[in-house]
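Chemist: Got a predicted model here, sequence first, then my questions.
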Amino acid sequence: MMMPRFIYTIPVYVCFATLFLVSCQSHRSSSAQSAQQDSLQALENQILRVHDSLMGKIDALRQASATMQHLRDSLHLQNAAWDRIITQLSLADSAMFNWMGQFDIDKDTAQPVLRKQYLLGQLQYVQRVKDSMYRALDSAQIFLKPYTER
């Protein structure tokens, strides 16, 4: 009994179809990985932008603290609000450097899901540091304004 010719070509078609499906799946997988990497890189960049903006404020933060302490001491001010703002300035400075000391840009690089969780947590933390730093600087400027206007 003779088999029809097309029977012999079926394995070839199955092979090509399998290769095509594997190729499509591989392309989708690499696209997803690329998008995930882009998302992680964007988070990293956002964290570093906040860091850089805060580093630009460190001198102003320390200067405001030193000026307020000097005025408080030289004018013998007994004012709880001044003390609170000086403390806020100091805490904001400490929070920035504590955050920098524990931040690990390479943490969980092999596990994208854990890395994203880590980076999101770090972004929230550094934004809270930013908020406290700006709040302390704004308060200090208000209190120092009468002493710095001439």
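Modeler: Done, it's in. Numbering: from 1, shown residues only.
Chemist: I'd say residue 127 and residue 50 touch.
Modeler: Yes: judged on C-beta atoms under 8 Å, residue 127 makes contact with residue 50 at a distance of 6.3 Å. All C-beta atoms are positioned from the backbone trio N, CA, C, and that covers glycine.
Chemist: Mind checking which of those two has more residues around it?
Modeler: Applying other C-beta atoms under 10 Å to residue 127 and residue 50 shows that residue 50 carries more neighbours, namely 18 against 14.
Chemist: Tell me the spacing between that one and residue 66.
Modeler: As for residue 50, its distance to residue 66 is 25 Å (criterion: C-beta to C-beta, to the nearest Å).
Chemist: Show me what the host helix or strand of residue 145 is packed up against.
Modeler: Residue 145 belongs to helix 112-148 when assigned by DSSP states H and E. Where contact means 3 or more C-beta pairs under 8 Å, 6 or more residues apart in numbering; DSSP states H and E, helix 112-148 is packed against helix 6-55, helix 58-74, helix 80-102.
Chemist: and residue 122, which of the ones you listed is closest to it?
Modeler: helix 6-55 (5.7 Å; C-beta to C-beta).
Chemist: pLDDT on that closest one, on average?
Modeler: Helix 6-55 carries an average pLDDT of 73.
Chemist: Not counting residues beside it along the chain, what's closest to the spatially most central residue of the chain?
Modeler: For the chain, residue 47 is the residue whose C-alpha lies nearest the centre (C-alpha atoms, centre = their mean; 2.4 Å). Leaving aside its sequence neighbours, residue 47 sits nearest to residue 123 (C-beta to C-beta, 6 or more residues apart in numbering; 5.2 Å).
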